[in-house]
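>>> Take this sequence and fold it.
(2 chains, ligands or ions: 2)
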Amino acid sequence: MLLQLNNIFKWVKTGGQQTFLLKDINFNVEEGEFISIMGPSGSGKTTLLNVIGMLDGFNEGEYNFMDESVHDLKEKHRADLYKRYIGFVFQSYHLLDELTVQENLEMPLLYKKLKGSERKAMVADMLDRFNIVGKKDLFPTQLSGGQQQLVGIARALISNPKLILADEPTGNLNSSQGEEIMGIFKELNEEGVTIIQVTHSEKNAEYGTRTINLLDGRMV
Amino acid sequence: MFKNYLKIAWRNLQKNKLFTAINIISLSIGLSASFVIGMMIYHDMTFDRFHKDGDRIFRVTTSFSFGSGGQFYNSGVTAPLGETLKDGIQEIGTTAAFFTIYPVKVTSEQVNQAFRNPQGVMLSNGDYFDMFSYNWLAGNKKSALKEPNAVVLSEKRAGKYFPGLLPEEVVGMTTIYNDSIVVTVLGVVENFKERSDLFFEEFISLETANAFGMQDQVFSTNWGGTNSNSQLFVKVNDLEMTASVQQQLDALALEHEDEESKQDGDITSFHLQPLNDIHFSPTYAAYDYSQPQASKSTLKGLFFIALFLLLLGCVNFINLNTAQGFKRSKEVGVRKTLGGSKSQIRYQFLTETFLLTIASALVSILLSMWLLQLFSDFVPASLTANVFTEPMVIAGILALLITVTFIAGFYPAMILSKFKPASAIRNQLAVSNGRIPLRKYLTVFQFAIAQIFVIATLLVGKQINFMMSQDMGIKTDAVVYVDMPWHEKSIEKKERFLNAVKSLPQIQTASIGGRPPASFGYNSAGISYFNDQEEVKLDLQQLFGDTQYADVYGIELLAGRSRLNDTIKEFVINEKAMKLLGFTKPEDALNVQLKISDEVFPVVGVMKDFHQRSLKSGIEPMALVGDGYRNIGFSQFNSVHFSLSGGSETWENTLVSVEKEFENAFPDAEFKLNFMDDMVSRFYLQERKTAKLLKWAMGLSLLISCLGLFGLVIYTTEKRTKEIGIRKILGASLSQLNFLLCKEFLILIGIGFLIAAPVAWYGLDNWLQDFANKTTLSWWIFGISGIAMIALALVIMSAKTIAAANSNPVESLRTE
Ligand SMILES: Nc1ncnc2c1ncn2[C@@H]1O[C@H](COP(=O)(O)OP(=O)(O)OP(=O)(O)O)[C@@H](O)[C@H]1O
Ligand SMILES: [Mg+2]
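Ligands and ions are numbered 1, 2, ... in the order given. Presented below is the predicted three-dimensional model:
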């Protein structure tokens, strides 16, 4: 089992009043699954994804990731964990504007303190795999949305994550670009990468093996 | 990784050109001020630090406190003290007594030219070289100064008198002092390589004293006289013994105080002045009179100016970077999801700061050149760019850059690296956590400092104006005096020159006398007077002049008459002296008998008070006296004073004639016209320097603060574009919008003023205490500077806010 969420609650206090963002979330994810999270706007999808990605904490419940109890870990340890195993893909790509495509891909490797030659090889490999060698010296603003998202996925993949978390990866793209991206996710999943995506589109959800529906922070 | 940081930093700096420029300008102003001032401090702090056992070497100096009031300091000691200390005090290992002398000219065997007024000449028996080690290039330290008519030259001086000769060749050559004293060079020593106040270049054997007419002083056994040319250094065996040495010096001073002084309550005491205090001492002068004495308080002032400018620059950096934080929050969030740790992100921001600091340092090197000129009044002549090559200085500069990087960069890096990735990516920053952002405190700090400088500049200017516009009580326009050579003994020669001047056209009155009525000089005598009940003792300043003297300077007589002739022992006292003697009406003071030692001087007149020094000091008791001691060889009449008629543009011919007559009378002497109005304005040189410095400190601190303000305003208006658009659609007017945008900053500037005003008031009130005649600390100075600051800030802010308020609301909403 890759991860397990048991009775997760998350709330914020606004003006003395407790607002629940997540209520009693329970589910397991096996390695190799492709899960879609769906639900209306404001239902807590992003919040849940951030909890899974360890970018955000929760108030109650247990979260086990690869036999580690995330709820008991210190922040630094948690960061080490997601650094090693999780790649993020965002709706608005979130590439670093002042870095070129190539440098964006290299960034996670730099933070992992890999050697220069190793980094070069891995970046070249990724550029090849996503067919963007010709774009390597361009800056993100010089690319189309679909191309930017390609780079975003390549960047998430470069450190060989076990799990990819994608928050509406096609939300800013037209339908043909969207299909291309979903195709890539499917391929990756077939290669063994676990994927959890948030999506509003039934069609995209069908790429997945399982769908989790949220409403007001609760699984339905 | 570091390379990558640099690359990103560089691209970021390029992207925000305006902010980068603001940061670089503010930091480089602070840095260049620190470079220049730091250099000056380093320069002055490194004098005479290199001598072997330097911490145990002391100069013995003398201070006098008179029963009649008044405290005097003399950097020399009475001549017999040196010999007494030599074997007299056990704790003293080495003593070195020497006498500084001022030959009129030197000629060398080799160069066919007279060198006038050589500086750095001493008479020494050679002990000096035991105290301070010199590198001997030729000659023998043991024997060089044992015989009469011998001299040791420094390498530089030897090169000047005997150009082209090697040190060994110079030995055996002869030089001639004052046309008649022939001495042989017996040694050449290398000049000190390090900075030193011991600027001596020519060491003449003590046995030659006779030839210079110094035998009476040099070999005197009389403890009564103290001359600053008689210098004494001692080296104590152990620093802990200084207290005991001081006690024995006190005992010696007491033992040799003469009876009369004891009765008068005069106290002479000797002091041990540490070697490295010579450079700074405000009371005991160093040797090179052409260099103003370094002042620790000036250095302190300069230090604070540099510190403040640097801090203000750092503040801009901190403010602009934390303000911009929201722009970079997304980046921080993404980097964290990519695996960047807090410390890696902090390190990245610090690299950016360091890059900026380096860029600022490069800019500030250029600025330093300019600042060096700006501060030229404060920069010692011996401070050159060479200091930049000293390892200590280079290390210091590096340390400064790193410190600045941390001060400026650490806080923003901390704040930015703390952003939580989940909320940072959402652009949802926990800004409003209820605390006032540091930014606001820093802005208040900046404007408080700038405000203090503004108030100080205005007040110092006001005080100078006040002093300059005050009537001195004497005529200072169109009055000139000329000093005659001090070694000229013949009064006939001097009077011949006076008469020659008198006969020139345009000369209204001319007089012969001592120093002018207002000067830096000081000459006083303790007098006593018995009124009906008690003995009044008074330290009475003496102004020497002939019977015309009062006319030249327009000194008014209130009662009595002027003196009968130039040498008669009569006093014309001023009102202050009259009051201190116990009289209220000038007439009553006439014919009173004043005693100096055993001699009796009648008061024949009372003159109106005038300011004898700058208006910094008060009026002191004074008497106009004649040249009473002329016949025993102490003539005080060394200057010719005259007043001119007509406008200054018509004086040229007359003044040229004065010079001709002077050269006729004293062919060897230097001629210099001293205009009284110049003299008066020189009284305020120090204040003027302060004013100039303050003006620049004010200008620069305003510049930095306003740049910072401008940056912050750009940031807030950008952040509030949407709000402005909406408000405008809802019908807000231009001035309402402008006020809305400026309000926040105006409040901060206002708080800055509230902090600055009392601090400035306190500091300036303190500063004014040094002046006997002071201007008032008027409220309007504070008012004007506060209003000016707000006006300036409004102008700067409006440049941006009006444009923002004017922009098309539809446009600004679309870009959101
Ligand atoms: N830090 C927070 N403080 C208060 N409320 C929050 C916070 N973060 C999220 N919320 C609220 O929690 C709810 C869920 O937010 P979330 O972003 O997870 O929704 P979502 O399902 O991703 O919506 P969308 O489809 O629009 O992206 C929203 O109502 C949001 O306003
Ligand atoms: Mg969402």
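>>> Grab the most central residue of chain A for me.
The C-alpha lying nearest the average C-alpha coordinate of chain A belongs to A:Leu165 (C-alpha atoms, centre = their mean; 1.9 Å).
>>> From chain B, how far out is that residue?
Distance, A:Leu165 to chain B, using C-beta to the nearest C-beta, to the nearest Å: 9 Å. C-beta coordinates here come from the backbone N, C-alpha and C atoms, glycine included.
>>> For that residue, give the beta-bridge partners.
A:Phe88, A:Ile196 (DSSP bridges).
>>> Would you agree it is in contact with A:Gln91?
No - judged on C-beta atoms under 8 Å, A:Leu165 makes no contact with A:Gln91 at a distance of 11.9 Å.
>>> Least confident secondary structure element in chain A?
helix A:75-85 (a mean of 85; mean pLDDT, DSSP states H and E).
>>> Buried residues of that one, list them for me.
Using 16 or more other C-beta atoms under 10 Å in any protein chain shown as the test for burial, helix A:75-85 gives A:Arg78, A:Ala79, A:Leu81, A:Tyr82, A:Lys83, A:Tyr85.
>>> rewinding a little: wait, what's in contact with the residue nearest to the centre of chain A?
A:Leu49, A:Ile52, A:Gly53, A:Ile86, A:Gly87, A:Phe88, A:Val89, A:Ile196, A:Gln197 (C-beta atoms under 8 Å, 6 or more residues apart in numbering or on different chains).
>>> and if you look at B:Met797?
Per C-beta under 8 Å, 6+ apart, neighbours of B:Met797: B:Leu709, B:Phe710, B:Val713, B:Leu741, B:Cys742, B:Phe745.
>>> Of these, which is the nearest to ligand 1?
B:Leu741 (28.8 Å; C-beta to the nearest ligand atom).
>>> ok, and the closest non-adjacent residue to that closest one?
Of all residues beyond its chain neighbours, the one nearest B:Leu741 is B:Thr801 (4.1 Å), with distances taken as C-beta to C-beta, 6 or more residues apart in numbering or on different chains.
>>> what does the model give A:Glu187 for pLDDT?
The predicted structure scores A:Glu187 at 92 on the pLDDT scale.
>>> what's the helix or strand for it?
Following DSSP states H and E, one finds A:Glu187 within helix A:175-190.
>>> and chain B, which of its residues are near chain A?
B:1, B:4, B:7-8, B:11-12, B:15, B:330-331, B:333-341, B:344, B:420-422, B:425 (C-beta under 8 Å from any C-beta of the partner chain).
>>> any idea how far the closest residue to A:Leu214 other than its chain neighbours is from chain B?
Nearest residue to A:Leu214, sequence neighbours excluded (C-beta to C-beta, 6+ apart): A:Gly39, at 3.6 Å. Separation of A:Gly39 from chain B (C-beta to the nearest C-beta) stands at 18 Å.
>>> Might you report the residue contacts of A:Gly39?
A:Gly39 neighbours (C-beta under 8 Å, 6+ apart): A:Lys45, A:Asn213, A:Leu214, A:Leu215.
>>> Let's have these in TSV, adding neighbour count.
Converted to TSV, those look like this (neighbours: other C-beta atoms under 10 Å in any protein chain shown):
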residue	neighbour count
A:Lys45	23
A:Asn213	15
A:Leu214	22
A:Leu215	14
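>>> mind listing which of those residues are in strands?
A:Asn213, A:Leu214, A:Leu215 (DSSP state E).
>>> returning to that earlier point: tell me the phi and psi of the residue nearest to B:Leu741?
phi -70, psi -40 (degrees, to the nearest 10).
>>> contacting residues for A:Asn189?
Here A:Asn189 is in contact with A:Gly32, A:Phe34, A:Ile195 (C-beta under 8 Å, 6+ apart).
>>> Give the other helices and strands that the strand or helix carrying B:Gly526 contacts.
According to DSSP H and E, B:Gly526 maps onto strand B:524-530. Counting contacts by 3 or more C-beta pairs under 8 Å, 6 or more residues apart in numbering or on different chains; DSSP states H and E, strand B:524-530 is packed against strand B:535-544, strand B:593-596.
>>> Quick check: which of those strands has the most neighbours on average?
strand B:535-544 (a mean of 20; mean count of other C-beta atoms under 10 Å in any protein chain shown).
>>> same for that strand, what does it pack against?
Checked by 3+ C-beta pairs under 8 Å, 6+ apart, strand B:535-544 has strand B:524-530, helix B:575-580, strand B:622-625 packed alongside it.
>>> okay if I get the ones you listed as a markdown table plus mean pLDDT and mean neighbour count?
Output for the helices and strands packed on strand B:535-544, formatted as a markdown table (pLDDT from 0 to 100; neighbours: other C-beta atoms under 10 Å in any protein chain shown):
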| stretch | mean pLDDT | mean neighbour count |
| --- | --- | --- |
| strand B:524-530 | 81 | 18 |
| helix B:575-580 | 92 | 20 |
| strand B:622-625 | 92 | 26 |
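>>> Neighbours of residue 12, how many?
All of this refers to chain A. 11 (other C-beta atoms under 10 Å in any protein chain shown).
>>> um, chain B though
Neighbour tally, B:Asn12, other C-beta under 10 Å: 20.
>>> got a list of what A:Gln177 touches?
Each residue near A:Gln177 by C-beta under 8 Å, 6+ apart is listed here: A:Ser144, A:Gly145, A:Gly146, A:Gln149, A:Thr170.
>>> at 6 Å what do you get?
Each residue near A:Gln177 by C-beta atoms under 6 Å, 6 or more residues apart in numbering or on different chains is listed here: A:Gly146.
>>> Quick check: it vs A:Gly183, distance?
11 Å (C-beta to C-beta, to the nearest Å).
>>> next one: B:Ile632
B:Ile632 is 119 Å from A:Gly183, where distance means C-beta to C-beta.
>>> Between these two, tell me which one has more neighbours.
Between B:Ile632 and A:Gly183, A:Gly183 has the larger neighbour count (other C-beta under 10 Å), namely 11 against 7.
>>> and chain A, which residues reach ligand 1?
With C-beta under 6 Å from any ligand atom as the criterion, chain A comes near ligand 1 at residues A:Val12, A:Thr14, A:Leu21, A:Gly39, A:Ser41, A:Gly42, A:Ser43, A:Gly44, A:Lys45, A:Thr46, A:Thr47.
>>> Would you list the buried entries among those residues?
A:Leu21, A:Gly39, A:Ser43, A:Gly44, A:Lys45, A:Thr46, A:Thr47.
>>> can you put the residues you listed in TSV and add pLDDT and distance to B:Asp48?
Formatted as TSV, these follow (pLDDT from 0 to 100; distance: C-beta to C-beta, whole Å):
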residue	pLDDT	distance to B:Asp48
A:Leu21	93	73
A:Gly39	94	82
A:Ser43	94	80
A:Gly44	93	76
A:Lys45	94	77
A:Thr46	91	72
A:Thr47	92	72
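>>> In helices, which of these appear?
A:Lys45, A:Thr46, A:Thr47 (DSSP state H).
>>> Give me the pLDDT for the residue nearest to B:Leu741.
For B:Thr801, the pLDDT comes out at 83.
>>> contacting residues around it?
Counted by C-beta under 6 Å, 6+ apart, B:Thr801 has contacts B:Thr717, B:Asn738, B:Leu741.
>>> Check the gap between B:Val795 and B:Ala21 for me.
19 Å.
>>> which of those two has more neighbours?
Ranked by neighbour count (other C-beta under 10 Å), B:Val795 and B:Ala21 place B:Ala21 first, with 13 against 10.
>>> and the next element down the chain from the helix or strand hosting that one?
Taking DSSP H and E as the definition, one finds B:Ala21 inside helix B:17-45. Sequence order places strand B:57-65 as the next helix or strand after helix B:17-45, per DSSP H and E.
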